[in-house]
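K.L.:
next comes the sequence, and after it the predicted model I'd like to discuss.
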Amino acid sequence: MSNDANRRPEPCRVAMPLLAVWLGLALSALSACGTVPETGRSQFNLLSSETEIELGREAYGEALAGAKLVTAGPDFERVQSVGRRIALASERRYPDAVAGFGWQFVVVDTAEVNAWMLPGGKSAVNIGLLRLATTDDELAIVMGHEAAHAIARHGAERISRSMATQVVFGVASASGELSPVIVDATATAYGALGETAFSRSEESEADHIGLMIAADAGYNPRAALSFWQKMAANGGSGTPEFLSTHPSDARRAARLEALLPQAEAIYQQRGAPSVGQGRTR
């Protein structure tokens, strides 16, 4: 009789790499739960803030490559002035979230109505946006909104979900050399390459946080209503809401109106603070 029947089965070695992947993902997930400032929402984020800031710095250069920048004059000075106050208000309200930020605000000479901010406070405002946001209060609403995306780490959250999916389906790079891909994904996720990436819930959350930042910076939060009315008239989010990643103009206005008492209390408390020097470079 053969001794094969008495042999103990060998452990399944083929499954071990997959098991290791799942265990690694599980351990990462345990340490990847964070909380969004102001709203208290729980979020899943595999990127450290330090890594995200470095990605933002690299993506900033990529996003601005070939862009025509405005480096002097009234438009430039206006963006610097409002940007400094937004930076200071962000530091007051969310010091942990903006730790390590190196605020930078550039003006891009293009008629496209857009603004964005990458991780680490790396921001751009288009001339087209400045022509629509005719008051500093309105500009502060927009710049506060973009700062809120970076503070809430919306792009990193989206990238983390993608990274988790890659691991689950075994398409993550075995070499670990994902940096160029993630740098490009960072620029895309934050809208720096002209693509709309954020979901309706993320846009609403940025509206909420950005409104409080603008109010804390000494800008009238009621400007949010006038600005989004202008956006609606300009064709801002005219696509039906169920087809759009942005909230409808009516829903956005209703949510902002509900937040106004809180924002106006902050605004009255802050008054009109003097413009200080945020950490810029």
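P.N.:
Structure's in. What do you need?

K.L.:
which stretches of the stretch 151-281 of the chain have low pLDDT?
P.N.:
163-181, 194-197, 235-249, 272-281 (pLDDT under 70).

K.L.:
quick one: the strands in the stretch 151-281 of the chain?
P.N.:
Remark: strands of the stretch 151-281 of the chain are absent; assignment by DSSP state E, counting those that start in this stretch.

K.L.:
in this protein, which residue is closest to the centre?
P.N.:
His149 (2.6 Å; C-alpha atoms, centre = their mean).

K.L.:
ok, now how distant is it from Ala59?
P.N.:
Separation of His149 from Ala59 (C-beta to C-beta, to the nearest Å): 13 Å. Yep, even glycine has a C-beta here, placed from its N, CA and C like the rest.

K.L.:
ok, back up a step: the residue nearest to the centre of the chain touches Ala206, doesn't it?
P.N.:
Yes: between His149 and Ala206 there is a contact under C-beta atoms under 8 Å: 5.0 Å.

K.L.:
overlap in contacts, these two.
P.N.:
Jointly contacting His149 and Ala206 under the rule C-beta atoms under 8 Å, 6 or more residues apart in numbering are Phe198.

K.L.:
who's in contact with Arg117?
P.N.:
Not quite, residue 117 is Met, not Arg. With C-beta under 8 Å, 6+ apart, Met117 has these contacts: 123-124, 143, 146-147, 149-150, 190.

K.L.:
make it 7 Å
P.N.:
Contact analysis of Met117 by C-beta atoms under 7 Å, 6 or more residues apart in numbering lists 123, 146-147, 149-150, 190.

K.L.:
off-centre distance for the helix or strand hosting it?
P.N.:
When elements are assigned from DSSP states H and E, Met117 belongs to strand 115-118. Here strand 115-118 is found 8 Å from its chain centre; the criterion is C-alpha atoms, centre = their mean, to the nearest Å.

K.L.:
name the next helix or strand downstream of that strand, please.
P.N.:
Once the chain leaves strand 115-118, the following helix or strand, as judged by DSSP H and E, is strand 122-126.

K.L.:
can I get the CA coordinates of stretch 97-105 in CSV?
P.N.:
Output in CSV follows, covering the C-alpha atoms of stretch 97-105 (Å, rounded to 0.1, in the frame of the first residue of the first chain):
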residue,chain,number,x,y,z
ALA,A,97,-5.5,69.8,8.6
VAL,A,98,-3.2,72.5,7.0
ALA,A,99,-0.1,71.6,8.9
GLY,A,100,2.8,71.5,6.4
PHE,A,101,0.9,73.6,3.8
GLY,A,102,3.0,76.0,1.8
TRP,A,103,0.3,78.3,0.4
GLN,A,104,0.7,79.5,-3.1
PHE,A,105,-1.7,81.4,-5.4
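
K.L.:
tell me the buried residues in it?
P.N.:
Using 16 or more other C-beta atoms under 10 Å as the test for burial, stretch 97-105 gives 97-98, 101, 103-105.

K.L.:
now stretch 126-137
P.N.:
Per 16+ other C-beta under 10 Å, stretch 126-137 contains these buried residues: 126-130, 132-133, 136-137.

K.L.:
now Asp96: closest residue in space, sequence neighbours ignored.
P.N.:
Pro37 (7.8 Å; C-beta to C-beta, 6 or more residues apart in numbering).

K.L.:
can you check Val183 too?
P.N.:
Nearest one to Val183, counting by C-beta to C-beta, 6+ apart, is Glu58 at 4.8 Å.
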